[in-house]
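K.L.:
Below: sequence and its predicted model.
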Amino acid sequence: MNPPVPVVILCGGRGTRLREGKREIPKALVPIGGVPILLHIMRLYASRGFSDFVLCLGYRGGQIRRFWARPPREARGWRVDCVDTGVDTNTAGRLKRAAPHIRSADFFATYGDGLSDIDPRGLLAYHLRHGRAATMTCVKPPIQFGVAELGPGRRVTAYVEKPPSEKWVNGGFFVFQRRMLSYIRGDEVLEQGPFARLTRARELVAYPFRGFWNCMDTYKDNLRLNELWDGGQAPWRV
């Protein structure tokens, strides 16, 4: 029997752009609706049958270990490996250090600060059909500002508040073949060296996704996600 497809989550973030009071905990434990954002992400995968997790710990990783020492009731059937990958290690370096805990031919990978209503089963099926080393979910997030179109005499001919971006961006939900780890050269940022090498080798495939996606990068993002949750309008709720 093949080993289950694990979910590797990068949990080393400091959350320096979140509110000052939240810097004393790792970014992955910042709450949304009273629950760490990390647990929201894990619920998404577990609800689709993927409950084998590898958590790449960094900043204040001991707090995440203590959280999982007494897991919530819903998670007691999950397998959770907490791996110390260094306080200041870059994202690709964390994946490389977690490699001994990845036992399957393919694995999910994601950041510990992004929420979505993506279906991991569909993402995995897409990845397996294409047979490449890496699949990247690509999204078109809304622009943070209103966009004006100008006509003759600088007259505004159209105005749209926070329209979707015209460009696809990295949504942070990945599926990798294990051989993707050979594209990492030491302690690197995932989006720089490894992705450039994969692109040159034609081993990186995009999975276009138009559903809900939000990255909790700032305090404003945290407020918005909490408002969606408290208002019963959280698309990622499972």
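P.N.:
Cool, got the structure.
K.L.:
what's the residue sitting furthest away from the middle of the chain sitting at in phi/psi?
P.N.:
Here the chain reaches farthest from its C-alpha mean at residue 153, the gap being 44.7 Å by Cα atoms, centre = their mean. Torsion angles at residue 153 (phi, psi; degrees, to the nearest 10) stand at phi 70, psi 20.
K.L.:
Contact partners for it?
P.N.:
Contacts here follow Cβ atoms under 8 Å, 6 or more residues apart in numbering; on that basis residue 153 touches nothing. To be clear about C-beta, it is placed using only N, CA and C from the backbone, and glycine gets the same treatment.
K.L.:
quick thing: my sequence starts at 33, can you match it?
P.N.:
Will do, 33 is the new start, and the previous item becomes residue 185.
K.L.:
ok, now how distant is it from residue 214?
P.N.:
As defined by Cβ to Cβ, to the nearest Å, residue 185 lies at a distance of 58 Å from residue 214.
K.L.:
Could you do residue 174 as well?
P.N.:
Counting by Cβ to Cβ, the separation of residue 174 from residue 214 is 36 Å.
K.L.:
what comes into contact with the least confident helix or strand in the chain by mean pLDDT?
P.N.:
Ranked by mean pLDDT, DSSP states H and E, the weakest helix or strand in the chain is strand 188-192, scoring a mean of 78. The list of residues contacting strand 188-192 from outside it, by Cβ under 8 Å, 6+ apart, reads 178, 179, 180, 181, 182, 183.
K.L.:
And what about the closest residue to residue 234 other than its chain neighbours, helix, strand or coil?
P.N.:
Distances taken as Cβ to Cβ, 6 or more residues apart in numbering place residue 164 nearest to residue 234, at 7.7 Å, with adjacent residues excluded. With DSSP: H, G, I helix; E, B strand; the rest coil as the basis, residue 164 sits in coil.
K.L.:
Give me the pLDDT for residue 164.
P.N.:
Turning to residue 164, the model gives it a pLDDT of 98.
K.L.:
what's near enough to touch it?
P.N.:
Contacts for residue 164 (Cβ under 8 Å, 6+ apart) come out as 209, 234, 235, 236, 237.
K.L.:
Who does the first one form a beta bridge with?
P.N.:
Looking back up the chat, that one is residue 209. Residue 209 has these beta-bridge partners by DSSP bridges: residue 138.
K.L.:
per-residue pLDDT, it?
P.N.:
For residue 209, the predicted pLDDT is 98.
K.L.:
Now do the contacts for it.
P.N.:
Residues near residue 209 by Cβ under 8 Å, 6+ apart: 137, 138, 164, 165, 166.
K.L.:
From those residues, list the buried ones, please.
P.N.:
Neighbour counting over the contacts of residue 209 (16 or more other Cβ atoms under 10 Å) leaves 138, 164, 165, 166 as the buried ones.
K.L.:
Okay, the first one and residue 84: tell me how far apart.
P.N.:
When you say that, I think you mean residue 138. Shown here: residue 138 relative to residue 84, a distance of 12 Å by Cβ to Cβ.
K.L.:
Give me the neighbour count for the closest residue to residue 136 other than its chain neighbours.
P.N.:
Spatial nearest neighbour of residue 136, excluding adjacent residues (Cβ to Cβ, 6+ apart): residue 35 at 4.6 Å. Look at residue 35: counted by other Cβ atoms under 10 Å, it has 11 neighbours.
K.L.:
Make sure residue 35 is actually in contact with residue 138.
P.N.:
No. In this structure, residue 35 is not within contact of residue 138 by Cβ atoms under 8 Å, at 10.3 Å.
K.L.:
Could you list the buried residues of stretch 162-173?
P.N.:
Neighbour-count burial for stretch 162-173 flags 164, 165, 166, 167, 168, 169, 170, 171, 172 (criterion: 16+ other Cβ under 10 Å).
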